[in-house]
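Chemist: Pasting the sequence and the predicted coordinates here, then a few questions.
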Amino acid sequence: MAGEAGNEALAFHPMDQFKVEPLFDVALDYFAVSNVTQWMGVTVLCIIVLFVLGTGKRAVVPGRLQSVAELAYSFVYKMVEDVSGHDGVKYFPYVFTLFIFIVFSNFIGLIPGAFTTTSHIAVTAVLAMMVFLFVTILGFIKNGFHFLGLFWVSSAPLPLRPILALIELISYFVRPVSHSIRLAGNMMAGHAVIKVFAGFAPLVLMSWIGVAVTPLSILAITAMYGLEILVCFIQAYVFTILTCVYLKDALHPGH
Amino acid sequence: MTGDIVQMGAYIGAGLACMGMGGSAIGVGNVAGNFLAGALRNPSAAAGQTATLFIGIAFAEALGIFSFLVALLLMFAV
């Protein structure tokens, strides 16, 4: 670890919050119950509570919970219909599941002391890889070998097409990488910045410079937190809408 | 001594990688600014294009995130 050298100045390291630790006294391996498992469980529990309680009564005049559930449902439904077209609506449940899971884990990660599961590349890579495999297999099932027309840009001049095909092929396989890193990187960067400012906050206890620095850093934490609320939602939205775009490519691969 | 030089190189590289974020910032600003310019000329068509706006921002931003990732790898993994 190259980054361990100059950390004595900070009371805690900004990346400490992303440490995966087993909850019980066992070694950390693939099946150990860790804080990631715990907070994923909290996420799933919150989703279940919202949608079971929210849709349980099915009132004509919706209450507060039901309004939220209906709002989320119609928001994602409209997104799938707009971006993927009418054929894409069949795969709406999957897209909705993705959106709700990501948005809940992002927001639960904002609670002080909570763990952001989506800040780990292991979590987002699984989500992105699932989307990638799903879209590729669906494309081949729906279109057969016409799916490869996605890479053969028929509107370009003929000598250019092999080069474009290569570029398209590379960009197709980079999709799961950028898809997962975008979400994890945004979550990690935002939380790390908050923690960096938080590291300056207790300076008032140590030296007189803190009188100026501490209020500034607390102000900065508050501002960053507001930005993070926005980013949490936008990143879930972006993840979902890119899934819809990939779905559209799989259903209608013509260039 | 050699270890120190390697570590110095890693830190300098991490700093240099952060310049990529500036490029990504220019890209995102360009996308949003052009969207606003277009939206003010034809406000009625703007609402339907917000999805395109976010897709454009996401693509421009992804490359900045890549450079952030390179910086993180140099700091913690090399």
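Modeler: It's in. Fair warning: this is a prediction, and the values are worked out from it, not measured in the lab.

Chemist: For chain B, which residues are neighbours of chain A?
Modeler: B:7, B:10-11, B:48, B:51, B:54-55, B:57-58, B:61-62, B:65-66, B:68-69, B:72, B:74-76, B:78 (Cβ under 8 Å from any Cβ of the partner chain). Yep, even glycine has a C-beta here, placed from its N, CA and C like the rest.

Chemist: who's in contact with the residue sitting nearest the centre point of chain A?
Modeler: In chain A, the C-alpha nearest the mean C-alpha coordinate belongs to residue A:183, at 4.1 Å (Cα atoms, centre = their mean). Each residue near residue A:183 by Cβ atoms under 8 Å, 6 or more residues apart in numbering or on different chains is listed here: A:102, A:118, A:124, A:127, A:128, A:235, A:238, A:239.

Chemist: quick one: the last one is in a strand?
Modeler: No: checked against DSSP: H, G, I helix; E, B strand; the rest coil, residue A:239 lies outside a strand; its state is helix.

Chemist: From chain B, how far off is it?
Modeler: Between residue A:239 and chain B the computed distance is 9 Å (Cβ to the nearest Cβ, to the nearest Å).

Chemist: Likewise for the fourth one?
Modeler: Distance of residue A:127 to chain B, computed by Cβ to the nearest Cβ: 15 Å.

Chemist: is it true that that residue touches residue A:184?
Modeler: No: at 9.8 Å, residue A:127 does not count as touching residue A:184 under the criterion of Cβ atoms under 8 Å.

Chemist: Looking at the two, which one has more neighbours?
Modeler: More neighbours surround residue A:184 than the other of residue A:127 and residue A:184, with 24 against 20 (other Cβ atoms under 10 Å in any protein chain shown).

Chemist: ok, and for whichever strand or helix holds that one, which residues are buried?
Modeler: Using DSSP states H and E, residue A:184 falls within helix A:161-200. By 16 or more other Cβ atoms under 10 Å in any protein chain shown, the buried positions in helix A:161-200 come out as A:161, A:164-165, A:168, A:172, A:175-200.

Chemist: Stretch A:27-42 now?
Modeler: Here stretch A:27-42 shows A:34, A:36, A:37, A:39, A:40, A:42 as buried, counting by 16+ other Cβ under 10 Å.

Chemist: chain center to it, what's the gap?
Modeler: Distance, stretch centre to chain centre, for stretch A:27-42: 19 Å (Cα atoms, centre = their mean, to the nearest Å).

Chemist: and the residue nearest the centre of chain B, how far is that from residue A:189?
Modeler: The structure's chain B has its C-alpha centroid closest to residue B:64; by Cα atoms, centre = their mean the separation is 2.4 Å. Distance of residue B:64 to residue A:189, given as Cβ to Cβ, to the nearest Å: 10 Å.

Chemist: again, but for residue A:153
Modeler: Distance from residue A:153 to residue A:189, by Cβ to Cβ: 35 Å.

Chemist: before we move on, what about residue A:225?
Modeler: Residue A:225 sits 14 Å away from residue A:189, going by Cβ to Cβ.

Chemist: Could you do residue B:58 as well?
Modeler: For residue B:58 relative to residue A:189 (Cβ to Cβ), the value is 15 Å.

Chemist: Then residue A:145?
Modeler: 41 Å.

Chemist: OK, contacts around residue A:179?
Modeler: So residue A:179 contacts A:124, A:128, A:131, A:132, A:239, A:242 (Cβ under 8 Å, 6+ apart).
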